[in-house]
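Participant: okay, here's the prediction I keep looking at, along with the sequence it came from:
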Amino acid sequence: MAYADDSFDDEEFFLLLRRKDKDRPEELTPFSLDKIADVHCKKNFRFLPKDLQELCDALRFPAFFIADNRSKMPGLEGLCLLLRRLVYPVRLHDLEIVFGRVMSVLSRFFNIVADYVFDHFGHLLTDLNQPWLTEEKLKQMAAITVAKGFPFDKCVGFVDGTNIKLCRYILSN
């Protein structure tokens, strides 16, 4: 816009375009889960690497997510991106180094993966009439939270357990 109204001459505009973002390395390194230690994987994604692959399979993620501009992201990387953004608020700019992609690409694929999960599994959130949510199971979950010291005996779920280390319901219990 400023170039169009002659606020910059050709040389200034060229120099502005060539200006490098000082926070971004010259080349971004592609994402590799193998390079992330288990403890960091658990902290950043809430799962160990082997569990991430199992979750990716359980969610029936495609081998690659493909954007409208035909760029690709492996399914496992897409899962990691989704989990990392949901674990704790983080700016896309801060994830450029982790995932080796620029903010616009990360934003695009975060939305693609989130849409995929909602399209395939959103009914589990919008319709609570599920076979595993029987009255008996709900009472059992509430009893577990009370046994861990929670003061309410009819509470079965928490929006976010980040700061409340209470308990996690295990499917086999």
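Facilitator: Yep, it's here.
Participant: and residue 145, how many residues sit next to it?
Facilitator: Residue 145: 20 surrounding residues under other CB atoms under 10 Å. (Each C-beta comes from the backbone N, C-alpha and C, glycine too.)
Participant: for the helix or strand encompassing it, buried residues please.
Facilitator: Taking DSSP states H and E as the definition, residue 145 sits inside helix 135-147. Across helix 135-147, burial judged by 16 or more other CB atoms under 10 Å covers 141, 142, 144, 145.
Participant: make CSV out of those residues and add pLDDT.
Facilitator: Below are those laid out as CSV (pLDDT from 0 to 100):
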residue, pLDDT
141, 88
142, 90
144, 89
145, 87
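Participant: dump the residues you listed to JSON lines, plus distance to residue 119.
Facilitator: Output for the buried residues of helix 135-147, formatted as JSON lines (distance: CB to CB, whole Å):
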{"residue": "141", "distance to residue 119": "27"}
{"residue": "142", "distance to residue 119": "31"}
{"residue": "144", "distance to residue 119": "32"}
{"residue": "145", "distance to residue 119": "31"}
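Participant: just the closest of those to residue 38, please.
Facilitator: residue 144 (27.0 Å; CB to CB).
Participant: what about the closest one, distance to residue 113?
Facilitator: 31 Å (CB to CB, to the nearest Å).
Participant: same check, this time on residue 94
Facilitator: From residue 94 to residue 113 the distance is 18 Å (CB to CB).
Participant: next one: residue 90
Facilitator: Residue 90 is 15 Å from residue 113, by CB to CB.
Participant: between the two, who's got more neighbours?
Facilitator: Higher neighbour count among residue 90 and residue 113: residue 113, with 23 against 13, using other CB under 10 Å.
Participant: ok, residue 79 touching residue 58?
Facilitator: No - Residue 79 is not in contact with residue 58 according to CB atoms under 8 Å; the separation is 10.3 Å.
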